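# my questions concern the predicted model and sequence given below.
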Amino acid sequence: MKDYLVILLGPPGAGKGTQAKRLAAKLQVPQLSTGDMLRDARAAGSELGKQVAAIMDAGKLVSDDIVIALIDDKLGRDITKNGAIFDGFPRTTGQADALDKLLAARGRKLSATVLMDVPDAEVVRRNSGRRTCVKCQHTYHLEFAPPKVAGTCDFDGSELIQRPDDRPEKIQARLDAYHRDTAPLIDYYDRKGLLRRVDGVGPQDEVFARLASALEAT
């Protein structure tokens with residue numbers, strides 16, 4: 001069976017997490033999300049997990065070395081023997097170099113890096129339109145999935161609020177960090193002949209069809 005090792009690249013709010021889940025199901029390989037791996041390691045209580053817990057409890061960022069160690073652990077398990085979808089990693093060229101070395105040491109290589117191309121204005125529109133119920137935490141969108149009554153949850157009638165992270169200035173700060181730290185990976189993987197560009201704007205099914213089509217030739 002083909003070894004599918006795919007990176008999903010794109011700005012925050014591009015829909016990488018949603019499409020990674022769908023792609024993982026289609027290819028029958030796991031989705032490797034940095035956040036999920038950190039939470040799993042912490043819950044497992046291993047030595048590495050204890051290090052992760054201590055760092056997170058101190059409010060610090062987990063180092064690249066620890067994240068790479070978590071990925072190495074995952075790639076050493078049967079669940080990833082046919083591949084994996086990397087969601088949220090790498091975020092910098094330094095992390096990309098470390099991943100290259102890790103894969104080479106295991107005699108494996110990336111199949112492709114798919115850029116989900118979404119303009120900044122669309123990212124701001126998608127995220128700033130979200131509203132969340134203060135009680136049940138159900139999420140709405142003013143444009144794509146509005147409540148039946150403006151400002152009110154359909155399920156319990158509670159108030160809908162805009163989370164601080166969904167305010168335009170917070171979204172723009174995340175976009176600025178993406179362009180500074182992560183966007184250089186576009187050229188990095190393009191030079192290696194691994195980059196596939198996909199239009200990330202449109203209904204989820206259409207975006208997924210483009211994503212699947214981009215990977216058919218890999």
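Looks like it came in fine.

# model confidence for Met1, exactly?
Predicted confidence (pLDDT) at Met1: the value is 61.

# which stretches of the protein form helices?
With DSSP state H applied, the chain shows helices at 16-27, 34-44, 47-57, 64-75, 93-105, 120-128, 168-177, 184-191, 204-215, listed in chain order.

# out of the ones you listed, which is closest to Val149?
If you check each of the helices of the chain against Val149 by Cβ to Cβ, helix 120-128 wins as the nearest, at 20.6 Å. Where you see a C-beta, it was placed from the backbone N, CA and C, and this is true even at glycine.

# buried ones in the closest one?
The neighbour-count check on helix 120-128 (16 or more other Cβ atoms under 10 Å) flags Val123, Val124, Arg125, Arg126, Asn127, Ser128 as buried.

# now stretch 21-38
Buried-residue list, stretch 21-38, by 16+ other Cβ under 10 Å: Arg22, Leu23, Ala24, Leu27, Val29, Pro30, Gln31, Leu32, Ser33, Thr34, Met37, Leu38.

# residues in contact with the last one?
Leu38 makes contact with Val52, Met56, Val62, Val67, Leu70, according to Cβ atoms under 8 Å, 6 or more residues apart in numbering.

# if you set the cut-off to 6 Å instead, what comes out?
Shown here is Leu38, whose contacts under the criterion Cβ atoms under 6 Å, 6 or more residues apart in numbering are Val52.

# burial measure for the closest residue to Thr132 other than its chain neighbours, as a count.
Nearest residue to Thr132, sequence neighbours excluded (Cβ to Cβ, 6 or more residues apart in numbering): Thr139, at 5.3 Å. Residues lying near Thr139 (other Cβ atoms under 10 Å) number 13.

# now stretch 77-94 - C-alpha only, PDB.
Taking C-alpha atoms only, stretch 77-94 is exported to PDB below (Å, rounded to 0.1, in the frame of the first residue of the first chain):
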ATOM      1  CA  ARG A  77       3.500   3.000  15.500                       C
ATOM      2  CA  ASP A  78       1.500   0.700  13.300                       C
ATOM      3  CA  ILE A  79      -1.200   3.200  12.900                       C
ATOM      4  CA  THR A  80       1.000   5.400  10.700                       C
ATOM      5  CA  LYS A  81       2.600   2.600   8.700                       C
ATOM      6  CA  ASN A  82       0.600   3.600   5.600                       C
ATOM      7  CA  GLY A  83       1.000   7.300   6.100                       C
ATOM      8  CA  ALA A  84      -0.400  10.300   8.000                       C
ATOM      9  CA  ILE A  85      -1.800  13.800   7.400                       C
ATOM     10  CA  PHE A  86       0.200  16.500   9.100                       C
ATOM     11  CA  ASP A  87      -2.100  19.300  10.300                       C
ATOM     12  CA  GLY A  88      -0.500  22.300  12.000                       C
ATOM     13  CA  PHE A  89       3.100  21.100  11.500                       C
ATOM     14  CA  PRO A  90       5.600  22.200  10.400                       C
ATOM     15  CA  ARG A  91       5.000  25.900  11.100                       C
ATOM     16  CA  THR A  92       8.500  27.100  10.300                       C
ATOM     17  CA  THR A  93      11.400  26.200   7.900                       C
ATOM     18  CA  GLY A  94      13.400  25.000  11.000                       C
END
